[in-house]
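**Student:** Below: sequence and its predicted model.
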Amino acid sequence: MSELRAFSAPGKALLAGGYLVLDPKYEAFVVGLSARMHAVAHPYDSLQESDKFVVRVKSKQFKDGEWLYSISPKTNFIPVSVSGSKNPFIEKVIANVFSYFKPSLDDYSSRNLFVIDIFSDDAYHSQEDSVTKHHGNRRLSFHSHRIEEVPKTGLGSSAGLVTVLTTALASFFVPDLADNVDKYRKMIHNLSQVSHCQAQGKIGSGFDVAAAAYGSIKYRRFPPALISNLPEIGTVTYADKLVHLVEEVAWNITIENNHLPSGLVLWMGDIKSGSETVKLVQKVKKWYDTHTPDSLEVYTELDHANSRFMDGLSELDRLYESHDHYSTQLFESIKRNDSSCQNYSEITHTRDAVATIRHCFRKITKESGADIEPPIQTKLLNDCQALEGVLTCLIPGAGGYDAIAVIALQDVDLKAQTAGDERFSKVQWLDVSQADWGVRKEEDPEEYFDK
Ligand SMILES: Nc1ncnc2c1ncn2[C@@H]1O[C@H](COP(=O)(O)OP(=O)(O)O)[C@@H](O)[C@H]1O
Ligand SMILES: C[C@@](O)(CCOP(=O)(O)OP(=O)(O)O)CC(=O)O
């Protein structure tokens, strides 16, 4: 490509289906966020040598944020770090995009250097030890530490990175990609799932990658064996098997557009102290296996409550759009958040479903030792639930100590309501909102750079 082009992919919040979504039996609801990961692909450049490709990925907001990989058809597209500095997510994206397109060096002689800049929005990382600077027309935070050392807020930075980098790198091989992201969305999604799984060590359900590719969705995962059955990267059969998996195989996945009701918005509260998803998942799995058949009953109850929660939100969405007397009264009653809410089945259905979800998670917390909704979070959520304009609130994703998610009317200001209130002193409201759209082209790539 002879032109600069920019893409972005959203962060995520898993509102329903934590833990269950690891099993293809259950559906989850994940919301795409306004915090986005960006990749700007530069025009083709050339190396002195013509016996390899080089991919240079720069992430200048982080100390030492530059990774240089060489890659060649002669070694079956195994990326080799040139600078010595490695980033597993970037490495797997390069391996898979090259294995998928199998470019020949002859076709790319004198345009075999691909340069991509990564930019990430503030909400992904703790802003301590960072300086905000204007960069082109954008305000970006620059950190004094390496990417691995900067605390995360849990919005899915690696999934955003993998998805947007896959898109940007693929645009070197697909001339019409930049103007047709939709046409290539499934390919981008499937390739990104493969790379993310390989880099992460095959732990996750892939909901974060699916949200990065598609935005707010109802999601059911693919069978994990699809990816674990691939041969090793660099083996002679890898590229063909990858193409077959991305293009031909039925993934048996559910991805359906789904969003928060109009008139309601998401608030994400960051609680600074983090939780480790991998450890929580291990404890929950152990609890599940040692508590059958009761654990299956809890999962079934959770699954039904998740569906009722999603249905309740859809009902509220339909009502909001109707703008009739009933719906106006209903939304005013959420605004007051007083006993009148009891008169509206749409509100009580949604709240009862969330109460059941939270009850089940507290039960699992107690029996497994995995702090999904520990008492301190219960108290915080109960305090949030009583705020003006709040429909409902819960712990997103794997839960733990790191975040809360609140669904509230669009014109209430939780920041102002909770300011100076000791009960909320640990909560930092993130500057994010729901944003339904998945990976997409950004119209003005020049605006990322100083003129
Ligand atoms: N802006 C970025 N630039 C380069 N690499 C990034 C960036 N954001 C995330 N990563 C990669 O993703 C890793 C974090 O992934 P992970 O632990 O899965 O966190 P998350 O839950 O936010 O996805 C980082 O250590 C780094 O390798
Ligand atoms: C337990 C889970 O079902 C949900 C975890 O959701 P989080 O949003 O907490 O995830 P991380 O950002 O990876 O920490 C695991 C999964 O589905 O991958």
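**Tutor:** In hand now; what should we look at? Ligands and ions are numbered 1, 2, ... in the order given.
**Student:** Check the stretch 351-451 of the chain for the residue nearest ligand 2 and tell me.
**Tutor:** Gly397 (2.4 Å; Cβ to the nearest ligand atom). All C-beta spots, glycine's among them, are computed from the backbone N, C-alpha and C.
**Student:** Give me the neighbour count for that residue.
**Tutor:** Number of residues near Gly397 (other Cβ atoms under 10 Å) recorded here: 27.
**Student:** Quick check, it in contact with Thr153.
**Tutor:** No: using Cβ atoms under 8 Å, Gly397 is not in contact with Thr153, being 11.5 Å away.
**Student:** list residues touching both of these two?
**Tutor:** Residues touching both Gly397 and Thr153 (Cβ atoms under 8 Å, 6 or more residues apart in numbering) are Ala403.
**Student:** For the helix or strand containing Trp67, which strands pair with it and how are they oriented?
**Tutor:** Here Trp67, judged by DSSP states H and E, is contained in strand 66-71. As defined by DSSP bridges, the strand partners of strand 66-71 come to strand 53-58 (antiparallel), strand 80-81 (antiparallel).
**Student:** Can you point out the buried residues in that strand?
**Tutor:** Buried residues in strand 66-71, counted by 16 or more other Cβ atoms under 10 Å: Trp67, Leu68, Tyr69, Ser70, Ile71.
**Student:** Among those, which one lies nearest to ligand 2?
**Tutor:** Set against ligand 2, the nearest of the buried residues of strand 66-71 by Cβ to the nearest ligand atom is Trp67 (21.9 Å).
**Student:** So for ligand 2, which of the strands paired with strand 66-71 sits nearest?
**Tutor:** That would be strand 53-58 among the strands paired with strand 66-71, by Cβ to the nearest ligand atom, at 21.6 Å.
**Student:** Dump the closest one to CSV, keeping only the CA atoms.
**Tutor:** Output in CSV follows, covering the C-alpha atoms of strand 53-58 (Å, rounded to 0.1, in the frame of the first residue of the first chain):
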residue,chain,number,x,y,z
PHE,A,53,10.6,-9.3,5.2
VAL,A,54,11.0,-7.1,8.3
VAL,A,55,8.0,-5.9,10.4
ARG,A,56,8.7,-3.0,12.7
VAL,A,57,6.0,-2.3,15.3
LYS,A,58,6.3,0.8,17.4
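**Student:** With distance to Phe89 and mean pLDDT added, can I get the strands paired with strand 66-71 in CSV?
**Tutor:** Shown next, in CSV, are the strands paired with strand 66-71 (distance: least, Cβ to Cβ, whole Å; pLDDT from 0 to 100):
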stretch, distance to Phe89, mean pLDDT
strand 53-58, 10, 97
strand 80-81, 13, 97
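**Student:** Buried deepest among the ones you listed, which one?
**Tutor:** strand 53-58 (a mean of 21; mean count of other Cβ atoms under 10 Å).
**Student:** touching ligand 1 at all, that one?
**Tutor:** No: using Cβ under 6 Å from any ligand atom, strand 53-58 stays clear of ligand 1, coming no nearer than 7.5 Å.
**Student:** Now render the strands paired with strand 66-71 as a markdown table, adding distance to Asp117.
**Tutor:** Shown next, in a markdown table, are those (distance: least, Cβ to Cβ, whole Å):
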| stretch | distance to Asp117 |
| --- | --- |
| strand 53-58 | 5 |
| strand 80-81 | 19 |
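**Student:** Turn those strands into TSV, including distance to ligand 2.
**Tutor:** Output for the strands paired with strand 66-71, formatted as TSV (distance: least, Cβ to the nearest ligand atom, whole Å):
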stretch	distance to ligand 2
strand 53-58	22
strand 80-81	25
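**Student:** To Leu226, which of these lies closest?
**Tutor:** strand 53-58 (25.9 Å; Cβ to Cβ).
**Student:** Run the chain-centre distance for that closest one.
**Tutor:** The chain centroid and the centroid of strand 53-58 are separated by 24 Å under Cα atoms, centre = their mean, to the nearest Å.
**Student:** Kindly report the same for stretch 71-88.
**Tutor:** With Cα atoms, centre = their mean, you get 26 Å for stretch 71-88.
**Student:** Show residues contacting it.
**Tutor:** 51-55, 57, 64, 66-70, 91, 94-95, 98-99, 102-105, 147, 199, 233-236, 238-239.
**Student:** let's see it at 7 Å
**Tutor:** Stretch 71-88 has contacts (Cβ atoms under 7 Å, 6 or more residues apart in numbering) with 51-55, 64, 66-70, 91, 94-95, 98-99, 102, 104-105, 199, 233-236, 238-239.
**Student:** ok, so of the buried residues of strand 66-71, who is nearest ligand 1?
**Tutor:** Trp67 (7.9 Å).
**Student:** Buried residues in stretch 177-185, which are they?
**Tutor:** Result for stretch 177-185 [16+ other Cβ under 10 Å]: buried residues Leu177, Ala178, Val181, Tyr184, Arg185.
**Student:** just checking, the last one touches Gly215?
**Tutor:** When you say that, I think you mean Arg185. No: here Arg185 lies out of contact with Gly215, judged by Cβ atoms under 7 Å, at a distance of 10.3 Å.
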